[in-house]
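Participant: Curious how this folds, go ahead:
(2 chains)
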Number of protein chains: 2
Amino acid sequence: MDLDVVRKLIKPAETKIVLLVMDGLGGLPRESDNLTELEAAKTPHLDSLASRGICGLQHPVGPGITPGSGPGHLALFGYNPLEYQVGRGVLAALGIDFDLQLQDVAARGNFCTLDKNRYVTDRRAGRISTEKNKKLCALLRTIELPDVDVFVETVKEHRLLLVLRGEGLSGNIRDTDPQEIGKKPLLPQSSSSEAKQTATLVKQFLDQAQEILADHHPANMVLLRGFSKKPKWSSMEDTFGLKSAAIAAYPMYRGLAKLLGMHILETGPTVEDEFTVLEDTWNDFDFFYVHVKKIDSAGEDGAFDRKVAVIEEVDKEIPRLLKLNPDVVIVTGDHSTPSLLKYHSWHPVPVVLWSNHCRSDKVEHFGERACMTGGLGPQFPAEDLIAVALANAMRLEKFGA
Amino acid sequence: MDLDVVRKLIKPAETKIVLLVMDGLGGLPRESDNLTELEAAKTPHLDSLASRGICGLQHPVGPGITPGSGPGHLALFGYNPLEYQVGRGVLAALGIDFDLQLQDVAARGNFCTLDKNRYVTDRRAGRISTEKNKKLCALLRTIELPDVDVFVETVKEHRLLLVLRGEGLSGNIRDTDPQEIGKKPLLPQSSSSEAKQTATLVKQFLDQAQEILADHHPANMVLLRGFSKKPKWSSMEDTFGLKSAAIAAYPMYRGLAKLLGMHILETGPTVEDEFTVLEDTWNDFDFFYVHVKKIDSAGEDGAFDRKVAVIEEVDKEIPRLLKLNPDVVIVTGDHSTPSLLKYHSWHPVPVVLWSNHCRSDKVEHFGERACMTGGLGPQFPAEDLIAVALANAMRLEKFGA
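Facilitator: From the prediction side, this is the model:
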């Protein structure tokens, strides 16, 4: 659904919506009992919500498409992820809480290894330690470029963030990462005419970086990709009339929320901490985005039982959420991360939406196979969830006369 | 899903996908026991596939739209049939294995009957015999036009194919078939300026044809429609990275596959023959399109029992397919052809997709009503199947970071 269609129907209300994102929620069945992580977990409170709510499976981008975390979340917030794309450089900046400005150009970097003829022999420089990375970033920070500020920040292991700040910069710069070994780093070419000056600056940065890193084998060069600028998008409040807040322990998710103008609430690292923040700030916002990361992490580690345990941990907090008397509750994930695959996957994600007026279906358990027969259907586009939530929150006028 | 979105996510893999198209698969229930052809058929192997796979009903073009064979297949191959349209002239050429070149303009023709005032009295010339058609086509082949080669080919009964070959030809020519009796044949008008010369040539052809056929009542004229050129589309290999092959006993299906750059494998006429070709060429391709025509033919003849029998014949071959260890198997049709209607219909088509990671649903039989509750849903867009197949074949990167 086009944002503009929804935007025109917005009416004010005093209702509150909670979107609980269990990152990487969807899974695949293990062989022993043919149950997925969510099906195996004991989730009496989520099951109760499912039996009173309307369920389904949603896909953030489209059938068969495995979503990254950015697109997965944007879809849940109602922003079509094919239309609203965030560059990798910007995402890297969000991921370390870097305070990106609208004029900045950001790129994701890897330390890499070049042989004496400048061919890439390792795109990750043997995955150097984060400690080593910090020392090298300190060296790269000595690089000076005409008329722009240079920021070089450690992300983790071999990964770093480069940000140039100044007037007239463009993100239309091609990757220098050749994506395979045995090739030379590519030149930072401009892909549009207004990016020529930026390309020259990046080239100067790389020339100096090569000199500085020459004796630091295996990390004797950097590869850059995902040059991008922070997008200027209509906020959740401007689009949907929702005074919105994000409760997320991990920086990248706070960063994504910030792109949509959400208020970022400080939280401790545990699920319990996050629900405490929700309680403490309940009166201040219309829309709460609560993000639980550890489910995805367990999935990526292939830790079926741990994923089950974190799901159960979240389930225990659901009564605290319901006690606040929300008008609409959505529980879902931004993508599936089956322990079996140890990675994000294309499988659609269980979703339950509850309100007093949701017209519940016959689903009685919150699980992949149960949700297939739910009222939202087994292939619901995630970007349409927000309109259903707004409707259930009595925040939408009718369309047409 | 936009082809360009999928194309950018393609990654190489060694996996194999089989798409088995049971032409006209979907049906309607007979009165006696309220079972459709597929539901009445004994299909233990397809049922087993359904119980281990993910099922649904797919529509090639859209809800309520009855697909022709061209659109039905293009959708299954991932090419949106509203965007990728093949002209009737081109389809007619494909249907008789005519080796159409990119410069050619093709039109479908009917022998028809005109009265002495040139009004059409029978658009099909009393459905003359194919023998008679061949004799008349031989006469029409004597027509010469300046700077172009003229091909006139018998299709069947009153139907023929006209192809003009030369430089600068255009397919933007209006039909000369007035579509009803009591009217005169229309002039072959150009619908764009670059088609003027082609229109002149077609008019010259028709003038000569009228003279030649004058004494051959009831076939004393031809009506032409569907002027078109062979489209230049991105191949399955360029689009999806799939080295693709088609196993189809009927020319039109081979022709459609050829439009997408598939390798055409020689096969005998039976279902068994086709699966033997699959076995013999298994190591040479990533994607196999296997087409079984006889199911549709039985449906068009209104032969419920024969349609059941052909479905059972295909079921018997499924073990040979599975023995090859494919990574992904899709079984579906390009449209429904209920024996009850004796024609293509708009009813969505049963589909099962199996892989080791497909997240199976609770469907245990391969049939219309069983598939309605499957994980793909009862209204799955056929064009999205290929992305799900590629995902299950581990051939897609994630979208965004």
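Participant: ok, and the closest non-adjacent residue to residue A:71?
Facilitator: residue A:81 (3.4 Å; C-beta to C-beta, 6 or more residues apart in numbering or on different chains). Where C-beta positions appear, they are placed from N, C-alpha and C, glycine not excepted.
Participant: do residue A:162 as well
Facilitator: The spatial neighbour of residue A:162 that comes closest, neighbours along the chain excluded (C-beta to C-beta, 6+ apart), is residue A:107 at 4.7 Å.
Participant: May I have the predicted confidence score for residue A:97?
Facilitator: Looking at residue A:97, its pLDDT stands at 88.
Participant: Please tell me I have it right and it contacts residue A:249.
Facilitator: No. Contact between residue A:97 and residue A:249 fails when scored by C-beta atoms under 8 Å: they sit 11.9 Å apart.
Participant: So those two - more neighbours on which side?
Facilitator: When residue A:97 and residue A:249 are compared for neighbours, residue A:249 comes out ahead with 19 against 15, by other C-beta atoms under 10 Å in any protein chain shown.
Participant: can you tell me how far that one sits from chain B?
Facilitator: 19 Å (C-beta to the nearest C-beta, to the nearest Å).
Participant: try residue A:138
Facilitator: 26 Å.
Participant: Give the phi and psi angles for that residue, as a check.
Facilitator: Main-chain dihedrals, residue A:138, degrees, to the nearest 10: phi -60, psi -40.
Participant: List the residues that contact it.
Facilitator: Under the criterion of C-beta atoms under 8 Å, 6 or more residues apart in numbering or on different chains, residue A:138 has no neighbours.
Participant: swap in residue A:11?
Facilitator: By C-beta under 8 Å, 6+ apart, the neighbours of residue A:11 are A:241, A:395-397.
Participant: State whether the residue nearest to residue A:162 is indeed within a helix.
Facilitator: No. When classified by DSSP: H, G, I helix; E, B strand; the rest coil, residue A:107 is found to be strand rather than part of a helix.
Participant: Just give me the neighbour total for it.
Facilitator: 30.
Participant: any idea how far the residue of the stretch 101-250 of chain A at minimum distance from chain B is from residue A:68?
Facilitator: Closest approach between the stretch 101-250 of chain A and chain B, counting by C-beta to the nearest C-beta: residue A:226, at 7.4 Å. For residue A:226, the distance to residue A:68 equals 11 Å [C-beta to C-beta, to the nearest Å].
Participant: Kindly report the same for residue A:214.
Facilitator: In terms of C-beta to C-beta, residue A:214 sits 34 Å off from residue A:68.
Participant: which residues do residue A:226 and residue A:68 both contact?
Facilitator: With C-beta under 8 Å, 6+ apart, residue A:226 and residue A:68 have common neighbours residue B:401.
Participant: Can you check the pLDDT for residue A:162?
Facilitator: 98.
Participant: before we move on, what about the one 4 residues further on?
Facilitator: Residue A:166 is assigned 96 on the pLDDT scale.
Participant: And for residue A:116?
Facilitator: 94.
Participant: And residue A:88, by the same measure?
Facilitator: If you check residue A:88, the pLDDT there is 88.
Participant: and it, how many neighbours?
Facilitator: For residue A:88, using other C-beta under 10 Å, the count is 19.
Participant: from what I can see it touches residue A:228, true?
Facilitator: Yes. Counting by C-beta under 8 Å, residue A:88 does reach residue A:228; the two are 6.9 Å apart.
Participant: Show me the domain layout of chain A.
Facilitator: A:3-86+A:234-392, A:90-228 (automatic domain parsing).
Participant: Residues of the stretch 51-200 of chain A that sit close to chain B?
Facilitator: Contact residues, the stretch 51-200 of chain A versus chain B (C-beta under 8 Å from any C-beta of the partner chain): A:57, A:61-71, A:81-82, A:85-86, A:88, A:91.
Participant: Tell me which entries of those lie within strands.
Facilitator: residue A:57 (DSSP state E).
Participant: Give me the below-cutoff pLDDT ranges for the stretch 151-300 of chain A.
Facilitator: Judged against pLDDT under 70, the stretch 151-300 of chain A has no low-scoring part.
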